[in-house]
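>>> build me a model from this:
(one chain, ligands or ions: 2)
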Amino acid sequence: MSFLPAIPEILRQFLKRPATNIFPAKYLPPSVTKYLQSVQEGKTSIHPPVETPPNFRGKILYDRDTCIGCKLCIRVCPANAIEFLPETKRVRIYVTQCIFCSQCNDACPVDALHMSDEFLLADEDRYSENMIVE
Ligand code: SF4
Ligand code: SF4
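Ligands and ions are numbered 1, 2, ... in the order given. Just a heads-up that it's a prediction; the model follows:
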């Protein structure tokens, strides 16, 4: 099989700028852990990620004051990422469980749920404050 028909596409790809960028560092640091520590200490900064596109589905935002406790979001969530809190009649969302499908946002009758453009969600503890929305 000849690869000649693919040559124009190969050349086009060589000339195109990449759609992604190297993240979090422009060049691979000798130690990623030390690099991230120095970012935390403010001694260096991360190589900024590419901008998120419109309607990006990142970490969920929850307005508990608007929520009416109807549980519709729980019923539609395919990942069982939402728990009902009977004491307060509000919900708790486990970000590590969420698959960012946005179905809960569509189902909520009072618009209490939204998808943000936050996607830097790595954490060593799945139950850390950053990983739970309530
Ligand atoms: S975005 Fe999808 S997976 Fe995440 S909490 Fe909502 S319904 Fe569940
Ligand atoms: S669907 Fe909306 S109003 Fe109903 S429990 Fe979920 S967040 Fe609250």
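>>> hmm, residue 20 is touching residue 50, no?
Yes: in this structure, residue 20 is within contact of residue 50 by C-beta atoms under 8 Å, at 6.4 Å. For the C-beta atoms, the positions are set from N, CA and C on the backbone; glycine is no exception.
>>> just list whatever residues bridge to residue 93.
residue 82, residue 133 (DSSP bridges).
>>> show me the contacts for it.
Listed by C-beta atoms under 8 Å, 6 or more residues apart in numbering, the contact set of residue 93 reads 60, 62, 81, 82, 83, 104, 132, 133, 134.
>>> can you give me the helices in the chain?
In the chain, the helices defined using DSSP state H lie at 7-15, 32-40, 72-76, 103-107.
>>> the last one packs against which elements?
Identification of packing neighbours for helix 103-107 by 3 or more C-beta pairs under 8 Å, 6 or more residues apart in numbering; DSSP states H and E yields helix 72-76, strand 113-115.
>>> the last one vs ligand 2: in contact?
Yes: counting by C-beta under 6 Å from any ligand atom, ligand 2 is contacted by strand 113-115 at residue 113.
>>> and that strand, how far out from the chain middle?
Its chain's C-alpha centre and that of strand 113-115 lie 12 Å apart, by C-alpha atoms, centre = their mean, to the nearest Å.
>>> just to revisit the earlier point, name the residue in residue 20 and residue 50 with the higher neighbour count.
The neighbour count for residue 20 versus residue 50, taken as other C-beta atoms under 10 Å, is higher for residue 50 (10 against 7).
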